[in-house]
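1. Dropping the sequence and predicted coords here.
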Amino acid sequence: MAELSRRRMLISGGALGAFGALGMASPAEASPWTWSPEGSVGGTGAGADPRWVWDEEADPLVASLIQRGAVPEVNRLLWDWNRNDQPLPEGLPADLRDFMERARQLPSWADHGKLATAAEFNKARGLYLNLLNGVGGGMLSTAIPKEARAVYYSKGGADMEDRVAKTSILGFAVGSLNAYRPGGSCVVESVKTRLVHAAVRHLLQQSPHWTGDIPISQEDMLVTWHTLPTFAMRRMRDWKVPITAAESEAYLHVWQVTAHLLGIRDEYIPATWAAAEAQSDQVLPRNSGPTPEGVALTDILLDQLAEQTSPASVSRPLCNALARYLVGDQVADWDGIEREPVWDPLIRAAWPRLVRFREGLVPLPLVPEVAWVIDEAARRYIMFFLTKGAETKIEIPTTNRPGA
């Protein structure tokens, strides 16, 4: 693993020695699935363990596309499919077109009023959400063994700037002001991501580096989902960010709709924050732990973050401290994030004060709009940095990481 320096290998080895029982064994086998589908948006379901459920519609379809050699042309045709209201391009294989027409439909329970409220919520809370979903979610994901290994050995693991850019496309689409409106792109990016997941499931099983279950099960997707909205809401509550009941419900709703479009079954999508937290508390601990791949990816991600923010003179030690503050000591140790004796206590002391200061300004006229402009500028800068200014789209892979 060329990316791991000797120092990083030592950090990784220490983490694996301390937490190996959780990370390297199969933690998911330690506890049964007990979460009830009565707590889901569907309200009912078979209650099947999501560890053994994948995507019965997308998986055979995409495997067939790969075997038929159709993916390069499909990617070419889908390159300019960008808006929710765009018709699918002509020339797609009939079986793919039929699937995508079904997959792009919002669920019957989607509430456009809540989606609009969620968009307004993002105006004033974009700073927190981008930080928590980007840095926080990224650090959590590298401490999930199956996810870290799936990312590392799939095609995207060979070019993490491109991989992060493509992941950010979906994340920014969810947080945009017109996410599910006709001119938005959340439907498009969710359906494309669903196809990518199906391709990775098919391809990774052919890699000699992949052992164990088929990747990206329904539980794996739920685990990732909880590293985003559930984690973000919990941390904003910890920071005492004032959030109304309507805003809280709306923020959950935009992620519920996104989960549905990504192919997560309605019987697994939590209906309330209480249900989400109960599910998170069951699936995250049994799927978390350290891996060498996770440490390697963390190192790359934090180097990218430090480089992105270098115009503001933000160094890697500060990025280490920020990441540790967001996800806590256990996850940071699993990820091999070094402790920073100067920056760690400073971040812990300063961030709550910054939140209080910022929240004192939010009710003032135009502040949400100004905050959104700043956050949007930051998003655009991050995407430009990651892509080196080149146009980047979510595409279906046809290979694993070179050499994997």
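-> Great, that's in hand. Residues are numbered from 1 along each chain as shown.

2. All the helices of the stretch 301-404 of the chain, in order from the start?
-> Applying DSSP state H, counting those that start in this stretch to the stretch 301-404 of the chain gives helices spanning 316-327, 329-334, 343-361, 367-387.

3. For residue 233, pull up the helix or strand it's in.
-> Residue 233 belongs to helix 231-238 when assigned by DSSP states H and E.

4. Off-centre distance for that helix?
-> Centroid displacement of helix 231-238 relative to its chain, using CA atoms, centre = their mean, to the nearest Å, is 16 Å.

5. quick one: the helix or strand immediately after it in the chain to helix 231-238, angle?
-> Downstream of helix 231-238, the next assigned helix or strand under DSSP H and E is helix 245-261. Orientation of helix 245-261 against helix 231-238 (axes from the mean of the first three to the mean of the last three CA atoms, to 10 degrees) gives an angle of 160 degrees.

6. Pull out the buried positions in helix 245-261.
-> 247-261 (16 or more other CB atoms under 10 Å). Bear in mind the C-beta positions are built from the backbone N, C-alpha and C, glycine included.

7. Which of these sits closest to residue 80?
-> residue 261 (19.9 Å; CB to CB).

8. Just the pLDDT at the closest one, thanks.
-> Reported pLDDT at residue 261 in the predicted model: 98.

9. show me where pLDDT drops low in the stretch 201-350 of the chain?
-> 308-314 (pLDDT under 70).

10. hmm, 50 instead?
-> Applying pLDDT under 50 to the stretch 201-350 of the chain flags residues 311-313.

11. between the helix or strand containing residue 281 and helix 245-261, how many degrees?
-> Residue 281 belongs to helix 273-286 when assigned by DSSP H and E. With the same axes, to 10 degrees defining the directions, helix 273-286 sits at 50 degrees from helix 245-261.

12. Quick check: residue 225 touching residue 255?
-> Yes: counting by CB atoms under 8 Å, residue 225 does reach residue 255; the two are 6.9 Å apart.

13. what helix or strand does residue 189 sit in?
-> Judged by DSSP H and E, residue 189 forms part of helix 186-204.

14. after that helix comes which helix or strand?
-> helix 218-225.

15. which helices and strands sit right next to that next one?
-> helix 145-153, helix 245-261, helix 273-286 (3 or more CB pairs under 8 Å, 6 or more residues apart in numbering; DSSP states H and E).

16. Centre of the chain to that helix, how far?
-> So, by CA atoms, centre = their mean, the centroid of helix 218-225 is 10 Å from its chain's centroid.

17. Stretch 167-182 too?
-> 13 Å.

18. And stretch 340-355, by the same measure?
-> 25 Å.

19. Convert the C-alpha atoms of it to PDB, please.
-> This file holds the C-alpha atoms of stretch 340-355, laid out as PDB (Å, rounded to 0.1, in the frame of the first residue of the first chain):
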ATOM      1  CA  GLU A 340      -2.300  17.900  18.400                       C
ATOM      2  CA  PRO A 341      -1.400  19.300  21.800                       C
ATOM      3  CA  VAL A 342      -1.800  22.900  20.700                       C
ATOM      4  CA  TRP A 343      -4.700  22.800  18.400                       C
ATOM      5  CA  ASP A 344      -6.900  20.100  20.000                       C
ATOM      6  CA  PRO A 345      -7.700  22.100  23.200                       C
ATOM      7  CA  LEU A 346      -8.000  25.300  21.200                       C
ATOM      8  CA  ILE A 347     -10.600  23.800  18.800                       C
ATOM      9  CA  ARG A 348     -12.600  22.400  21.700                       C
ATOM     10  CA  ALA A 349     -12.700  25.700  23.400                       C
ATOM     11  CA  ALA A 350     -13.200  28.000  20.400                       C
ATOM     12  CA  TRP A 351     -15.800  26.100  18.300                       C
ATOM     13  CA  PRO A 352     -18.700  26.400  20.800                       C
ATOM     14  CA  ARG A 353     -18.000  30.100  21.100                       C
ATOM     15  CA  LEU A 354     -17.900  30.500  17.300                       C
ATOM     16  CA  VAL A 355     -21.300  28.800  17.100                       C
END
